[in-house]
Each structure stands twice: as C-alpha cells, then as structure tokens.
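K.L.:
What shape does this take:
(2 chains)
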Amino acid sequence: MSLRLYDTMTRSVREFVPRVPGTVGIYLCGLTVQSPPHIGHLRSAVNYDVLRRWLLHAGYQVTFIRNITDIDDKILEKSVAAGVPFWSLAYANERILADHYARLGVLPPTYEPRATGHVPEMHQLIEKLIEDGYAYPAADGSGDVYFDVTKFEAYGQLSGQRPDHMQASPDGPDRAKRDPRDFALWKGAKPDEPVEARWPSPWGPGRPGWHIECSAMCWRYLGPEFDIHGGGMDLVFPHHENEVAQSRAAGLPFARYWVHHGLLNLGGSKMSKTDGNVIDLPAVEASGVRAVELRYYLAAPHYRSVIDFSDDALQEAAAAYRRLEGFVQRATELVGGASPARKGRKPALNPAFVAAMDDDLNTSRALAVVHDLVREGNAALAAADKGAVSRILPEVRAMLDVLGLDPLSPQWSQSRGGELRGVVESLVALALEQRAAARARKDWAAADAVRDQLKAAGIVVEDTPAGPRWTVEKPGGA
RNA sequence: GGCCGUAUGCCCGAGGGGUCAAGGGCUCAGUCUGCAAAACUGAUGCUGGUCGGUUCGACUCCGACUGCGGCCUCCA
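P.N.:
I've put the predicted structure just below:
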C-alpha cells in the first residue's frame, strides 16, 4: 500500500510514483504578497505541510519549493498609493506571511524563491517560445509579449476548458492580442509605472506576466520535469493552465501530478481580500483560539473539500484538539515523555491511520483513528494502567506528529510565561496546600474558594487520584 | 453560455453496493468525585437535497432537477 493522490490533470486518484525513486520535488504556488495572509492562505500551507510530512514520514527526500510573487498589478497599485517602493510593501507582507506560517507550525520550504529574482530565467523561456512560434511580441510597440493559445493544441487540458467555449474576456486595456485568450508573458512598462518596477528585456523595459514566473522557478529549482505541483482550486484556470501550456510549449515536461486543495469560504463565498470577507490569524487568536487549534481546524477536513468558515465550527475543532492534548499531557505526567520519533526508529504507525493517509490524505479518517486510540488511552489512564498508557502515548504522538499537531513538539509546548513560570508554580503550590488543608478538615467552602480564586486568575485545578493537577487556561481568558 | 465540484443527524465531518452510516462537538442519563473538572459508559438519524433508473440489494453507481460553491478577469 502506498500513497494515492487525486490528480487534477487526469481527474482521478492515481498511485503516486515519484520520478526518481526516493525523492519528491514539489512546487506550491505561494502568495502574491499584496497584503497580509488570511486563514484561507494558511489552509493552503497547512494542507501541503501535511502532504510534505507524510512524504517525509514515508522516507522520501523532499524538495519543497514555495514561491513568493513579489511583483504584480496590485502590489504596484498599492505601493504607489502608499508612496513606497513596491518591494518594501511586498517584503513587509512577506515577513508577516512567514511569521503566520511559522506560528501554524508549517515547515519552512526547502527554498522560497521570489519572482523578481528570476527574470533572466523568464527571458530564456520567453525567447524560446518566440523562437518556436508559440509567443509573439505585441505589434503595437507596447513591449508586451503574449503566448499564442491557438498554437498549443493541448490548451485547456488541465482545467477541462475548451477554448472555443470560453467566455470572451472583457479585455479592455489588453491591446494587441491576436486572440482574446492569449495571455501576457511579459508586460511592457507603462509610462506611469514606477521606474523601480522595470527590468530590461529584449522587448524593452517591463515586468513579468503572472504565469511565467512559476514556470521559470519550477524549472530553475526542480528541473524540466518534477513530481507535484499544487495550489488552490482557484488557480487551476487560468494560472496553472497557462503554466503547463508555456512550459510544455517550451519543451519542459513539467509536473507529473497536479494537486489542488479546496477553498475556505466565509459567508457563502470564498475568503478573499477583494471581497473583504477575511479572517486572519490575529483575529482567530483574539477569539481565544490558539494557532495549533486553528491548524487542527484547517487540517481535519479533507484537503479537497470546501471549508465554510464558522466560529462555532472553529470552537468545536478547538475542543476536539484539547481532548487529544489533554490525553497526551496526562499520559506524559504518568509515564514520562520520551520523544516519539527521531530516535533512530520511529514507532510503527497504526495501519488504519496509514491507510487513511495513503488514501489521498484522508486526514478526517486518520484523526478518527487517533481519537479512537485516545479513548482507549483515557480508559487506561483511568485504570492507572501504566503499561497500556506507555504503549499508546507514543503511538498517538507519532500520528499527531505526522499532522504537525503533536502537543509536545517544541513548536507547541513552549511554556507560556517564561521565567515567571517558576514563580507561578510556587504560588500555585502554596494555594493548593491551603486547599488541601481545607479539604482535610472537610471545609468545602474554603477549599472551593481557593479553586475559584485560582480559576479567576486563569489557573484550572482538577482533582485526580494522584492529587490535584493544574493547568494555565488560555491567556486572557475570563 | 461553457467547465468543475458539492448536497450526510442539532453542528462540524468521513466512509464504503449488502453487519449498528467513522470520528469530533453539543445535549441528556449513568459511573467516578465532598463538589467541580476531566475521563469512561450509554442515549439522540425508520434516514442520507428531490425525482427517476441500474441491481437480488444503493445513502454509496447512472441520469435529470433543485440548491450551494469554484473557475471562465486578479486570487490559496
């Protein structure tokens, strides 16, 4: 049994066979950094992070490229409006993006190339396309270069679009196209555009078209042919369609599997900056949901299904995650916590979990396996069955680790409060002693008062057969 | 107009042609507990958008319809 993935090109689930045994090259379309990311963007990153971790777990050497589009119409427009160079706006957003990725536990890519750093590669591709008759410089002297859609017979294969059935685009300003469906490879500089947004080219100063950058960067970092190309469903057409077209026309075999994830909707339509129906990580955290809980929320449904964002569903996901987390914490308190993996040998994963993940990354089913095992673990915990607990705990953590959700991974387990932690510990210990004394003399009112006061301070006390245990509630709570 | 996708209980969300339709949340009851919390156990769907068809048998396959969403213009 091995990984099977849904491939958009063939519209079917196919067994994943890497081009070179033992290695996988993945290209994920990252963001156009025109503004800070919303959680739809983060879903993209999390979905691919799960794929990547699953491949790593399977023993592949994974080269993961995720690009940054740091020049485009909107970036330019916004930067002009703000009176700053486009690159400063792009970079500011890029840094926020990197921070949000990191806070969600998304592994850094192998490399994160920027569009503006690959203009020479784009020129090479464009020149080849012109030479071979697939592209042409506009006849109006604008400096634009267009891809000639009619010259590439397979155009429309990825998206299932038939060029003759496509709605004519209201291509107002796009002048000298031979066919309305042709798309820009290179955009000649317009007089009112900032000089810093111009690069010299054989066709005059200008800047890259949107699609060509990805073809150039795939080629540069993954070679003429690579394993997996991905992005959101909304990129299938025209972005990915155009990418394949120009890459294949230029003689590059390009991606072997196309993996697209579902979008995240809010209020009945996809979350989008342009529509303003956007929620971002800080907003989620302000509602009392931690980053790891958001990750659970984003990773639990199948990656190809649409998520209709709702605060209720997010809270439910957070509760579900806390159940898993609670077991891991209590189990670790009982039997100690050796790291599940990274010790030469990883614990064998539950076969049902493996089967679910191999089946086009069915994280829902995989998590059901985790929950089942946690129930068993909780029962063992209640019975103080150390043997069972120490068998189950590493299994649970190993599975959660594949999903980037192991509560004890350094990513999530950093204790809040830093150096004040010790102070809090001794103060709580003091309070608990008083409560223990009150309980000993059956003064329940006094005992409960202590518990209530701690609770008000954000510290939750629970009595267990092994004595009271306490945890710090979410920050800012109550 | 064209191309995709989707429709599951109070909510989120999987499955597989034929044992009880995963798992989580919520609610209720029970166990444990001084109480609480956590945990565990049990309960909650004559029904799977609608209508047809295929089949011995479909929620699961096919078709139509309806609703919703995505794309055809920048978009994860």
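
K.L.:
List the buried residues of the strand or helix carrying residue A:321.
P.N.:
Using DSSP states H and E, the element containing residue A:321 is helix A:311-335. For helix A:311-335, a neighbour-count test (16 or more other CB atoms under 10 Å) marks A:314, A:317-318, A:320-322, A:324-332, A:334-335 as buried. Where you see a C-beta, it was placed from the backbone N, CA and C, and this is true even at glycine.

K.L.:
so what secondary structure elements neighbour the helix or strand following it?
P.N.:
Per DSSP H and E, the first helix or strand lying C-terminal to helix A:311-335 is helix A:351-358. Judged by 3 or more CB pairs under 8 Å, 6 or more residues apart in numbering; DSSP states H and E, helix A:351-358 is in contact with helix A:363-382, helix A:386-402.

K.L.:
ok, and what's touching helix A:351-358?
P.N.:
Residues outside helix A:351-358 that contact it (CB atoms under 8 Å, 6 or more residues apart in numbering): A:1-4, A:54, A:362-366, A:368-370, A:399, A:402.

K.L.:
Who are the contact partners of the closest residue to RNA strand B within the stretch 1-150 of chain A?
P.N.:
RNA strand B sits closest to residue A:40 of the stretch 1-150 of chain A, with a gap of 2.5 Å, by CB to the nearest atom of the strand. Each residue near residue A:40 by CB under 8 Å, 6+ apart is listed here: A:232, A:263-264, A:270-272.

K.L.:
My reading is that it lies in a helix. Confirm?
P.N.:
Yes: assigned with DSSP: H, G, I helix; E, B strand; the rest coil, residue A:40 falls within a helix.

K.L.:
which element follows whichever strand or helix holds residue A:433 toward the C-terminus?
P.N.:
Applying DSSP H and E as the criterion places residue A:433 in helix A:420-440. Where DSSP H and E defines the elements, the next helix or strand beyond helix A:420-440 is helix A:444-456.

K.L.:
Check which residues of that following helix are buried.
P.N.:
Buried residues in helix A:444-456 (16+ other CB under 10 Å): A:447, A:450-451, A:454-455.

K.L.:
again with stretch A:384-401
P.N.:
A:388-390, A:392-401.

K.L.:
which of those residues sit farthest apart?
P.N.:
For those, the maximum inter-member distance is 20.4 Å, found between A:388 and A:401 (CB to CB).

K.L.:
follow-up on the earlier one: how distant is the helix holding residue A:321 from the center of its chain?
P.N.:
How far helix A:311-335 lies from its chain's middle: 21 Å, per CA atoms, centre = their mean, to the nearest Å.

K.L.:
Say whether RNA strand B is contacted by it.
P.N.:
Yes: contact of helix A:311-335 with RNA strand B (CB under 7 Å from any atom of the strand) involves A:312-313, A:315-317, A:319-320, A:323, A:326-327, A:330.

K.L.:
Which single one of these is nearest to RNA strand B?
P.N.:
Closest approach to RNA strand B among the residues of helix A:311-335 next to RNA strand B (CB to the nearest atom of the strand): residue A:320, at 2.6 Å.

K.L.:
and the helix or strand where residue A:100 lies, C-alpha only, in CSV?
P.N.:
If you go by DSSP H and E, residue A:100 is part of helix A:86-103. C-alpha atoms of helix A:86-103 as CSV (Å, rounded to 0.1, in the frame of the first residue of the first chain):
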residue,chain,number,x,y,z
PHE,A,86,6.7,48.1,-4.4
TRP,A,87,9.5,46.0,-2.9
SER,A,88,9.1,47.4,0.5
LEU,A,89,5.4,46.7,0.5
ALA,A,90,5.9,43.2,-0.8
TYR,A,91,8.7,42.4,1.7
ALA,A,92,6.7,43.7,4.7
ASN,A,93,3.8,41.4,3.8
GLU,A,94,6.2,38.6,3.1
ARG,A,95,7.6,38.8,6.6
ILE,A,96,4.1,38.7,8.1
LEU,A,97,3.3,35.7,6.0
ALA,A,98,6.4,33.9,7.2
ASP,A,99,5.5,34.7,10.8
HIS,A,100,2.0,33.3,10.4
TYR,A,101,3.3,30.2,8.6
ALA,A,102,5.7,29.6,11.4
ARG,A,103,3.1,30.1,14.1
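
K.L.:
so for that helix, what's the average pLDDT?
P.N.:
In this model, helix A:86-103 has an average pLDDT of 97.

K.L.:
what do you get for stretch A:444-453?
P.N.:
93.

K.L.:
what sits up against it?
P.N.:
Everything outside stretch A:444-453 that qualifies as a contact, by CB under 8 Å, 6+ apart, is A:431-432, A:434-435, A:438-439, A:461.

K.L.:
Keep these, but drop any that are not near RNA strand B.
P.N.:
Within these, those near RNA strand B by CB under 7 Å from any atom of the strand are A:439, A:461.

K.L.:
now the contacts of stretch A:444-453: which count as buried?
P.N.:
Among those, those buried by neighbour count (16+ other CB under 10 Å) are A:431-432, A:435, A:438-439, A:461.

K.L.:
Nearest to residue A:383 among those?
P.N.:
Of the buried ones among the contacts of stretch A:444-453, the one sitting nearest to residue A:383 (CB to CB) turns out to be residue A:461, at 23.0 Å.
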